[in-house]
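J.: Just the structure for this:
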Amino acid sequence: DPSDEEFVNEPVEVAYVSIYHAAPNAPAFDISVDGRLINQNAFEYTAYSGYLNFFTGNRDIEFYPMNADNALIDTTFNFEDGKAYSLFAINTATDIEALLVVDSAATPSEGKAMVRFINLAPDAPAFDLTAGTTTIFSAKEFKDATQFQEIDADTYTFDVKSADAGEAAISASDVEILPGRFYTNITRGYITPPSGNDHVLSMEILD
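T.: Model prediction:
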């Protein structure tokens with residue numbers, strides 16, 4: 001009797017992928033994965049998707065200007081089961097590209113958090129990231145993404161500065177870092193924006 005049969009649902013293998021628009025003079029995007037549009041609203045500069053479920057294996061990812069059919073980015077990435085990733089649209093509109101980083105990392109110790117730094121400012125020098133008087137990461141060039149590093153959970157002032165400059169290029173004060181959490185400090189925008197562009201150098205901390 002078919003009604004007595006037990007049907008077992010095989011677990012679907014998924015990866016977790018977030019997408020972030022960090023190309024300061026590129027248009028708002030439509031984004032497709034394997035030919036299927038995944039955003040409903042314009043994906044504008046500094047937009048962040050949060051984590052989306054992706055099938056594992058090779059996925060074709062395309063970034064189109066809104067309502068256009070010429071992909072500015074057309075690339076394929078391989079995603080592994082259970083892993084988390086961040087995908088960034090970066091660089092200038094004429095040299096736009098995709099940067100994929102792996103987010104999966106060890107769980108921080110008790111009372112600690114994990115922090116990493118990604119320099120996504122196209123015209124920036126190598127930057128240091130400091131927390132108070134402590135330099136966490138040194139001399140990270142454009143497109144450099146660090147591994148996660150453990151720090152004490154606390155309230156910090158984060159400064160981004162070039163390695164040879166005493167003064168911070170940008171700062172974020174009174175940033176509360178909570179235990180057990182993962183934080184990505186992104187530097188984005190232009191030190192010197194091109195004519196007609198107001199996306200100046202700025203910092204965002206994602207968790």
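
J.: CA atoms for contacts and neighbours, from now on please.
T.: Fine.

J.: can you give me the end-to-end distance of stretch 142-159?
T.: 17 Å (CA to CA, to the nearest Å).

J.: do the same with stretch 68-84
T.: Stretch 68-84: ends 30 Å apart by CA to CA.

J.: looking only at pLDDT, what's the mean for it?
T.: Stretch 68-84 shows a mean pLDDT of 95.

J.: residues making contact with it?
T.: Applying CA atoms under 8 Å, 6 or more residues apart in numbering, the external contacts of stretch 68-84 come out as 13-17, 54-65, 96-98, 102-104.

J.: Go again with 7 Å.
T.: 13-17, 56-64, 96-97, 102-104 (CA atoms under 7 Å, 6 or more residues apart in numbering).

J.: Check stretch 16-31 too.
T.: 37-39, 42-54, 62-66, 83-93, 120, 188-189, 197, 199.

J.: What subset of those residues is buried?
T.: The neighbour count (16 or more other CA atoms under 10 Å) marks 43-46, 48-49, 54, 62-66, 84-92, 120, 188-189, 199 as buried among the contacts of stretch 16-31.

J.: hang on, the earlier thing: out of the contacts of stretch 68-84, which sit inside helices?
T.: Using DSSP state H, no member of the contacts of stretch 68-84 sits in helices.

J.: Give me the contacts around stretch 131-141.
T.: Contacts for stretch 131-141 (CA under 7 Å, 6+ apart): 119, 125, 126, 127, 128, 129, 130, 156, 157, 158, 159, 163.

J.: How about stretch 193-203?
T.: By CA under 7 Å, 6+ apart, the list of residues contacting stretch 193-203 reads 24, 25, 170, 185, 186, 187, 188, 189, 190, 191.

J.: Buried residues, stretch 123-135. List them.
T.: Buried residues in stretch 123-135 (16+ other CA under 10 Å): 123, 124, 125, 126, 127, 128, 129, 130, 131.

J.: rewinding a little: give me the buried subset of the contacts of stretch 68-84.
T.: 14-17, 56, 59, 61-64, 96-97, 103.

J.: now these as CSV including pLDDT?
T.: Formatted as CSV, these follow (pLDDT from 0 to 100):
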residue, pLDDT
14, 94
15, 96
16, 97
17, 97
56, 96
59, 97
61, 97
62, 97
63, 97
64, 96
96, 96
97, 96
103, 93
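
J.: Mind telling me the two of those residues farthest from one another?
T.: Greatest spacing in the buried ones among the contacts of stretch 68-84, by CA to CA: 14 and 96 (27.4 Å).

J.: Pull the number of nearby residues for residue 157.
T.: Per other CA atoms under 10 Å, the neighbour tally for residue 157 reads 14.
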